[in-house]
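Asks: Have a look at this fold, sequence not included:
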């Protein structure tokens, strides 16, 4: 999986689109066996809000959440 595919999955989930899920409630195949932690829980040295997605193959993605408008 690459950044573009993960972005597509997250957009679909947040946009309420139907995403085929596996038994664990994760998008089938693409994210099966992955782990998700907040930056704080993962011990990241940042004040940014966000989370880390670690896939079963060991690849890791960091997603930072930035509020752009109130």
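Replies: Structure's in. What do you need? Bear in mind that the values here come from a model prediction, so they are computed numbers and not experimental data. Numbering: from 1, shown residues only.

Asks: Remind me which helix or strand residue 10 belongs to.
Replies: Secondary structure assigned from DSSP states H and E places residue 10 in helix 3-14.

Asks: Can you give the strand pairings for the next helix-or-strand element following that helix, parallel or anti for each?
Replies: Note on helix 3-14: by DSSP H and E, the next helix or strand toward the C-terminus is strand 35-38. Strand 35-38 has these partner strands in its sheet, going by DSSP bridges: strand 49-54 (antiparallel).

Asks: Now do the partner strand and helix 3-14, the angle between them.
Replies: Between strand 49-54 and helix 3-14, the angle comes out at 120 degrees (axes from the mean of the first three to the mean of the last three CA atoms, to 10 degrees).

Asks: quick check: mean pLDDT across strand 49-54?
Replies: When pLDDT is averaged along strand 49-54, the result is 87.

Asks: ok, now which ones touch residue 42?
Replies: With contact taken as CB atoms under 8 Å, 6 or more residues apart in numbering, residue 42 is in contact with 51-52. Every residue, glycine included, has its C-beta placed from N, CA and C.

Asks: Could you list every helix and strand that the helix holding residue 10 packs against?
Replies: Under the contact criterion of 3 or more CB pairs under 8 Å, 6 or more residues apart in numbering; DSSP states H and E, helix 3-14 touches strand 60-65.

Asks: any residues touching the strand it packs on, and which ones?
Replies: In this structure, residues lying in contact with strand 60-65 by CB under 8 Å, 6+ apart are 3, 6, 10, 39, 44, 48-55.

Asks: and the most centrally placed residue in the chain, how far is that from residue 4?
Replies: In the chain, the centroid-proximal residue (CA atoms, centre = their mean) is residue 53; its distance is 4.9 Å. Between residue 53 and residue 4 the distance, using CB to CB, to the nearest Å, works out to 14 Å.

Asks: Kindly report the same for residue 48.
Replies: Distance, residue 48 to residue 4, using CB to CB: 22 Å.

Asks: Residue ranges in this structure under the pLDDT threshold?
Replies: Under the criterion pLDDT under 70, the flagged ranges of the chain are 14-32.

Asks: Now do the helix holding residue 10 against strand 60-65, angle only.
Replies: For helix 3-14 against strand 60-65, the angle by the same axes, to 10 degrees is 50 degrees.
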